[in-house]
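K.L.:
give me a model of this one.
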Amino acid sequence: MTFSHLADYFEKLEETSSRLALIDILSDLFKHSSKEEIEKIVYLTQGRIAPFFEPVEIGMAEKTVAQSIATAYDSTKEAVLKLYAKLGDMGLAALQLSSKFKIQNSKLTVGEVFDILVQIAKTTGEGTVEKRQALFTDLLKKLDSSSAKYLVRIPLGNLRLGIGDPTILDGLALAKLGDKSKRKALEGAYNRTSDLGLIAKALFSAGLSAVEKLQVVVGKPIRSELCERLPTPEKVIEKLKSVDVQYKYDGFRVQIHKDGDKVSMFSRNLENMTRMFPELVLATRKQVKAKTAILDTEALAYNPQSEEFLPFQETTKRRRKHGIEEMAKKLPLKAFVFDILYKNGKSLIDSPLVKRIEILKKTIKEDGVLMVSKTETVDDAKRLAVLLEDAVSKGLEGLVVKRLQSLYEAGARNFNWVKLKRHSAGELQDTIDCVILGYIFGKGKRTAFGAGALLVGVYDELQDEFVTVSKIGTGLTDEEWREIKVQSSKFKVQNKPSRVNSLI
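P.N.:
A predicted model of the protein is given here:
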């Protein structure tokens, strides 16, 4: 397939708001893809050249991309950036500037473009910026306008196609299995491997049986199991009967992978976090009594002097790309290990929780940075209420309770795991993590800021869309409102994205 043909599909996806139509377009794209190129096509559809968990980035910032566009289309970087500011999309800037060159029907294949992007990502050493820029410029010169539009969006991490991983899975199922309802089989493999390209390659090369054989591998994150919520201890015992109880810590979810002395760490969203937490790497090598292992943990910053754990706002300061060693000394981490998913060549996700906890306790050497979460088996609501109050009195979020015989259901959110927090009058009091979907123009005093309220929403996993839930207009300073307007404008789109369900 030529990259120009792929760009035509991207154009159709970008212009479509119906999720069913998006699935049909993806299915048609995949039907016209060969088994040799399907992996690369899936990654490019994600706006990537590798799975999310692999630290492979093209490494070109806005100004570098702008310079490549300027060189390719006989312009200046300043003119490109000015046009970008006007249009709000570097892809549209490339489309407009390249149109006068009239390059038609570029013959570059998807594989050729993909390989050059990988070459750019792997370029290092002296003159890296200039070398990457030259490769990207040469690529732009060989592509038609529509192809250029989508190419420049890839290194900037914003392809604007309006599709998520579940929609891609639906497209693959429809293309090769004839029915998107058969996505479940593909989803199981995705939850174990977190790699859509790998799944697509296996499906196209050897069929569904090959996909079902894809298993947990150390170094590839397993999609995290998540909690449902119940309002009271009474409701928990009524629904779950006997449960394992652990403290709920307010930190980072960190999945730790050990393969000999090689240690990798991943966030709940599959981001590779290994470089950010050097003390956890050292602790894993010292404390984990296994050649290979995968641990599920919650990492928190703490004060070594007072031996107190710090609020989440302090812990978040450890997520950084620069000044890592300095911040590690200032805000060292402890990680509470609450589950083990793999040990010495054997996956444990199909073992019951009680068995996994038993194995976990034998795997971690105590008295270090890694600490096994304390557990207690409870079948009485009064005892559960006492443990909840104890957790709250310690300044913790609350409790996580789990069915004793439950397996580790990667990527699932169900009542095998339940989050229990401080409650009042039978109602659950909790924070809600929202995505900023837009802003509303300010009125009165806020007219000068540009933005007067934020439109926020939550992600609906079943529908693979973001649903608006609230407008937020308080809690920010005047300067923060101005900054939000500036930052938000960089991501402005002309039409409502297909994955946003909003009445506004």
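K.L.:
use CA for all of it now, contacts and neighbours both
P.N.:
OK.
K.L.:
got any ranges where the stretch 301-450 of the chain has weak pLDDT?
P.N.:
307, 423-430, 442-450 (pLDDT under 70).
K.L.:
what about the helices in it?
P.N.:
For the stretch 301-450 of the chain, the helices defined by DSSP state H, counting those that start in this stretch occupy 312-315, 324-330, 353-363, 381-393.
K.L.:
these: which one's closest to F101?
P.N.:
helix 324-330 (45.9 Å; C-alpha to C-alpha).
K.L.:
so how far is the closest one off the chain centroid?
P.N.:
Relative to its chain's centre, helix 324-330 lies at 25 Å (C-alpha atoms, centre = their mean, to the nearest Å).
K.L.:
about what we covered before: now render the helices of the stretch 301-450 of the chain as CSV, adding mean neighbour count.
P.N.:
As requested, those are exported to CSV (neighbours: other C-alpha atoms under 10 Å):
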stretch, mean neighbour count
helix 312-315, 15
helix 324-330, 14
helix 353-363, 17
helix 381-393, 17
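K.L.:
identify whichever of those lies nearest to S264.
P.N.:
Using C-alpha to C-alpha, those put helix 324-330 closest to S264, at 16.2 Å.
K.L.:
which residues touch the closest one?
P.N.:
By C-alpha atoms under 8 Å, 6 or more residues apart in numbering, the surrounding residues in contact with helix 324-330 are R275, M276, F277, P278, E279, K317, R318.
K.L.:
now tell me which helix or strand of the chain has the poorest mean pLDDT.
P.N.:
strand 427-428 (a mean of 46; mean pLDDT, DSSP states H and E).
K.L.:
picking that back up, and the contacts of helix 324-330, which of them are buried?
P.N.:
R275, M276, F277, P278, E279, R318 (16 or more other C-alpha atoms under 10 Å).
K.L.:
so V288 bridges to which residues?
P.N.:
I364 (DSSP bridges).
K.L.:
can you check the one 10 residues further on too?
P.N.:
Under DSSP bridges, the beta-bridge partners of E298 are R253, F336.
K.L.:
same check on the one 4 residues further on?
P.N.:
Going by DSSP bridges, Y302 is paired in beta bridges with F309.
K.L.:
buried stuff in stretch 148-165?
P.N.:
148-156, 158-163, 165.
K.L.:
quick one on the thing from earlier: export the buried ones among the contacts of helix 324-330 to a markdown table and tack on secondary structure and distance to L407?
P.N.:
Formatted as a markdown table, the buried ones among the contacts of helix 324-330 follow (DSSP: H, G, I helix; E, B strand; the rest coil; distance: C-alpha to C-alpha, whole Å):
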| residue | secondary structure | distance to L407 |
| --- | --- | --- |
| R275 | helix | 31 |
| M276 | helix | 30 |
| F277 | coil | 29 |
| P278 | helix | 31 |
| E279 | helix | 30 |
| R318 | helix | 32 |
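K.L.:
could the residues you listed be laid out in a markdown table, adding distance to K394?
P.N.:
As requested, the buried ones among the contacts of helix 324-330 are exported to a markdown table (distance: C-alpha to C-alpha, whole Å):
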| residue | distance to K394 |
| --- | --- |
| R275 | 31 |
| M276 | 27 |
| F277 | 25 |
| P278 | 27 |
| E279 | 25 |
| R318 | 23 |
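K.L.:
pull the most distant pair out of these.
P.N.:
Largest pairwise distance in the buried ones among the contacts of helix 324-330, by C-alpha to C-alpha, is 11.6 Å, between E279 and R318.
K.L.:
so which of the buried residues of stretch 148-165 belong to helices?
P.N.:
The members of those that map onto helices under DSSP state H are A148, K149, Y150, L151, V152, R153, D165.
K.L.:
quick one: the helices in the stretch 151-300 of the chain?
P.N.:
Under DSSP H, counting those that start in this stretch, the stretch 151-300 of the chain gives helices at 165-177, 183-193, 196-206, 208-212, 233-240, 278-287.
K.L.:
who touches the nearest residue to D350 once chain neighbours are set aside in this structure?
P.N.:
Residue nearest to D350 in three dimensions, not counting chain neighbours: L407, with 5.3 Å by C-alpha to C-alpha, 6 or more residues apart in numbering. Residues counted as contacts of L407 (C-alpha under 8 Å, 6+ apart) are I349, D350, S351, P352, L353.
K.L.:
among the residues you listed, which ones are buried?
P.N.:
Using 16+ other C-alpha under 10 Å as the burial test, the contacts of L407 include I349, L353 as buried.
K.L.:
would a markdown table of the contacts of L407 with distance to I359 be doable?
P.N.:
Below are the contacts of L407 laid out as a markdown table (distance: C-alpha to C-alpha, whole Å):
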| residue | distance to I359 |
| --- | --- |
| I349 | 12 |
| D350 | 13 |
| S351 | 10 |
| P352 | 11 |
| L353 | 10 |
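K.L.:
ok, of the contacts of L407, which one's closest to K334?
P.N.:
L353 (23.0 Å).
K.L.:
quick check: that closest one vs A301, distance?
P.N.:
Between L353 and A301 the distance is 27 Å, computed by C-alpha to C-alpha, to the nearest Å.
K.L.:
check S33 too.
P.N.:
47 Å.
K.L.:
more neighbours: which of the two?
P.N.:
For S33 versus A301, neighbours defined as other C-alpha atoms under 10 Å are more numerous around A301 (26 against 18).
K.L.:
what about this structure, any weak spots by pLDDT?
P.N.:
104-105, 307, 423-430, 442-450, 503-504.
K.L.:
measure the most centrally placed residue in it to F52 for me?
P.N.:
Most central residue of the chain, judged by C-alpha distance to the mean C-alpha position with C-alpha atoms, centre = their mean, is N269 at 3.2 Å. According to C-alpha to C-alpha, N269 and F52 sit 9 Å apart.
K.L.:
and if you look at F277?
P.N.:
19 Å.
K.L.:
same question for E325.
P.N.:
25 Å.
K.L.:
likewise for A85?
P.N.:
From A85 to F52 the distance is 28 Å (C-alpha to C-alpha).
K.L.:
compare those two (neighbour count), which wins?
P.N.:
The residue with more neighbours, out of A85 and F52, is F52; 20 against 14, by other C-alpha under 10 Å.
K.L.:
does that one belong to a helix, a strand or coil?
P.N.:
Here F52 takes the coil state, with states given by DSSP: H, G, I helix; E, B strand; the rest coil.
K.L.:
which residues does V263 contact?
P.N.:
Per C-alpha under 8 Å, 6+ apart, neighbours of V263: I256, H257, T274, V281, T284, R285.
K.L.:
count of residues packed around D195?
P.N.:
D195, neighbours per other C-alpha under 10 Å, totals 23.
K.L.:
could you pull up phi and psi at it?
P.N.:
The phi/psi pair for D195 (degrees, to the nearest 10) reads phi -130, psi 100.
K.L.:
pick out the most distant pair among the contacts of V263.
P.N.:
T274 and R285 (13.2 Å).
K.L.:
okay if I get the contacts of helix 324-330 as CSV plus distance to K142?
P.N.:
Output for the contacts of helix 324-330, formatted as CSV (distance: C-alpha to C-alpha, whole Å):
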residue, distance to K142
R275, 37
M276, 39
F277, 42
P278, 43
E279, 47
K317, 43
R318, 42
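K.L.:
for those, which one is nearest T2?
P.N.:
Nearest to T2 among the contacts of helix 324-330, with distances taken as C-alpha to C-alpha, is R275, at 37.1 Å.
K.L.:
any idea how far F136 is from that closest one?
P.N.:
28 Å.
K.L.:
can the contacts of V263 go into TSV with extra columns for neighbour count and distance to A61?
P.N.:
Compiled in TSV, the contacts of V263 are given as follows (neighbours: other C-alpha atoms under 10 Å; distance: C-alpha to C-alpha, whole Å):
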residue	neighbour count	distance to A61
I256	25	30
H257	27	30
T274	18	23
V281	21	29
T284	26	34
R285	17	35
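K.L.:
quick one: which of these is nearest to K492?
P.N.:
For the contacts of V263, the nearest to K492 is T274 (32.4 Å; C-alpha to C-alpha).
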